[in-house]
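[1] Build me a model from this:
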Amino acid sequence: MNRKRIPALALALALAAAPTALAIEKAVPTSGLLIAPNPNAGYGAAITINGTALESFEGPVTDPETGAEETVTVYLSDLPAVPAGYVPLRAVTQADGGWVYWYEEENYSWFKLWDFTICTYFDDMTVTVDDVKLEGVEPLLVRGVTYLPVSVINELEGFTVTQTSAGGAESYEIATPNGTRLMKLANQLLETAGMWGMRQGPEELETYWGDNHGFKADLVTEAVVYTGMMTTPDTLGVGRVAPGQEEALEAVFESYRQQQESTFSWYLSQNLPKVQNAKFVTEGEWFLFVISENAEEMVEDFRTAVAAMEK
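    Presented below is the predicted three-dimensional model:
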């Protein structure tokens, strides 16, 4: 079952309006901690996310006596046993770079996993994905942690769950869109740039950039572009150029750069130098477009990363 994906522009706007603070679900801390050492701990499933073992997750909890808030690290090995097939959704979401929030008064948890919004409602024990109720699926809330059947993740477009259980030991390998070569490269470059922005793929770019800049989805084999909010021109575009389309693609980004230059020549003009220093480079079939304070460093990282991928 493939669920409808939210356009990245709409996602970014939703995140801008969403709560940004993490909050452990239904936390009842012991001595200020969400989960104290538990001699009866029994969560035994091993989980990997894009090849990396999932061992812990984090979140702030409030000491009921002092009101002080602290961030705690919760290890999966300290979680209690739950029925087979259930995984701690906060841990999976955080490991994939997603967002989590607990609405205490409304008694539900909210997860943004890639482009999907998953909500678990504990008044009526229902689960929705992008506001669509899942039939026959119940969430678990055990000692402040939300669990869902791993099959829910497997049915999200772009996600794959492989059961690797053997010898009585439960284990799952979860592959997400962030595990692709494109997204690994994009996330690496975003970290180098120290930026966050609205993520758009080729179809979305054709919708939003087609008229103004002439972008067509068939200019690229695959691509992702992150654009900054109104106060910054910071932009990252990376992907693979379709055969024979390098000049056309470069013209699209130059049109976009000129638009940014026109804007920031009078608005927050301290940003103008980095717009004027924007870079468009290619390495084999891969391309990079960047507006950033450290554009040269990003070009170096891009070339190094592509060389490593192509080996």
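
[2] now for the longest helix along the chain, which elements pack on it?
    Scanning the chain for the longest helix, with DSSP state H as the assignment, gives helix 246-264. Helix 246-264 sits against helix 202-213, strand 235-241, helix 272-276, strand 279-283, strand 286-291, with contacts defined as 3 or more Cβ pairs under 8 Å, 6 or more residues apart in numbering; DSSP states H and E. C-betas here are computed from N, CA, C, even on glycine.

[3] Using JSON lines, lay out the ones you listed together with mean neighbour count and distance to K112.
    Shown next, in JSON lines, are those (neighbours: other Cβ atoms under 10 Å; distance: least, Cβ to Cβ, whole Å):
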{"stretch": "helix 202-213", "mean neighbour count": "16", "distance to K112": "17"}
{"stretch": "strand 235-241", "mean neighbour count": "23", "distance to K112": "20"}
{"stretch": "helix 272-276", "mean neighbour count": "16", "distance to K112": "29"}
{"stretch": "strand 279-283", "mean neighbour count": "16", "distance to K112": "31"}
{"stretch": "strand 286-291", "mean neighbour count": "26", "distance to K112": "26"}
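
[4] Turn those into a markdown table, columns for distance to P64.
    Output for these, formatted as a markdown table (distance: least, Cβ to Cβ, whole Å):
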| stretch | distance to P64 |
| --- | --- |
| helix 202-213 | 45 |
| strand 235-241 | 43 |
| helix 272-276 | 48 |
| strand 279-283 | 52 |
| strand 286-291 | 47 |
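
[5] So which residues of the chain form helices?
    Under DSSP H, the chain gives helices at 8-17, 89-95, 150-154, 181-193, 202-213, 246-264, 272-276, 295-310.

[6] what's the burial count for A251?
    Neighbour count of A251, defined by other Cβ atoms under 10 Å: 15.

[7] For F280, see how far away it is.
    With distances taken as Cβ to Cβ, to the nearest Å, A251 is found 10 Å from F280.

[8] M125 now?
    52 Å.

[9] same thing with A186?
    Taking Cβ to Cβ, one finds A186 at 16 Å from F280.

[10] Please name the nearest non-neighbouring residue to A81.
    Closest residue to A81 apart from its sequence neighbours, by Cβ to Cβ, 6 or more residues apart in numbering: G42 at 3.2 Å.

[11] The one you found touches S77, doesn't it?
    No: G42 is not in contact with S77 according to Cβ atoms under 8 Å; the separation is 9.6 Å.

[12] burial count for the residue nearest to Y75 when sequence neighbours are not counted?
    Leaving aside its sequence neighbours, Y75 sits nearest to S56 (Cβ to Cβ, 6+ apart; 4.7 Å). Using other Cβ under 10 Å, S56 is surrounded by 14 other residues.

[13] contacting residues for S56?
    Residues near S56 by Cβ atoms under 8 Å, 6 or more residues apart in numbering: T73, V74, Y75, L76, A91.

[14] which ones are touching the last one?
    Okay, so that is A91. I47, L54, S56, F57, V74, L76.

[15] Determine which two of the residues you listed are furthest apart.
    Farthest apart among those by Cβ to Cβ are I47 and V74. That separation is 13.7 Å.

[16] partner residues bridging the residue nearest to T128 when sequence neighbours are not counted?
    Distances taken as Cβ to Cβ, 6+ apart put C119 closest to T128, at 4.9 Å, once the chain neighbours are dropped. Following DSSP bridges, C119 is listed with bridge partners W110, T128.

[17] what's the distance between C119 and N187?
    Between C119 and N187 the computed distance is 26 Å (Cβ to Cβ).

[18] With neighbour numbers in mind, choose between these two.
    When C119 is set against N187 and neighbours are counted by other Cβ under 10 Å, the residue ahead is C119, at 18 against 13.

[19] That one against V132, yeah?
    No: using Cβ under 8 Å as the test, C119 is too far from V132 to be in contact (10.4 Å).

[20] which intervals of the chain have sub-threshold pLDDT?
    1-24, 26-41 (pLDDT under 70).

[21] and the most far-flung residue of it relative to its centre, what are its phi and psi?
    Within the chain, E65 marks the point farthest from the mean C-alpha position, 35.0 Å out by Cα atoms, centre = their mean. Backbone geometry at E65, expressed as degrees, to the nearest 10, gives phi -90, psi -40.

[22] Equivalent analysis for E106, please.
    According to degrees, to the nearest 10, E106 has phi -90, psi -10.
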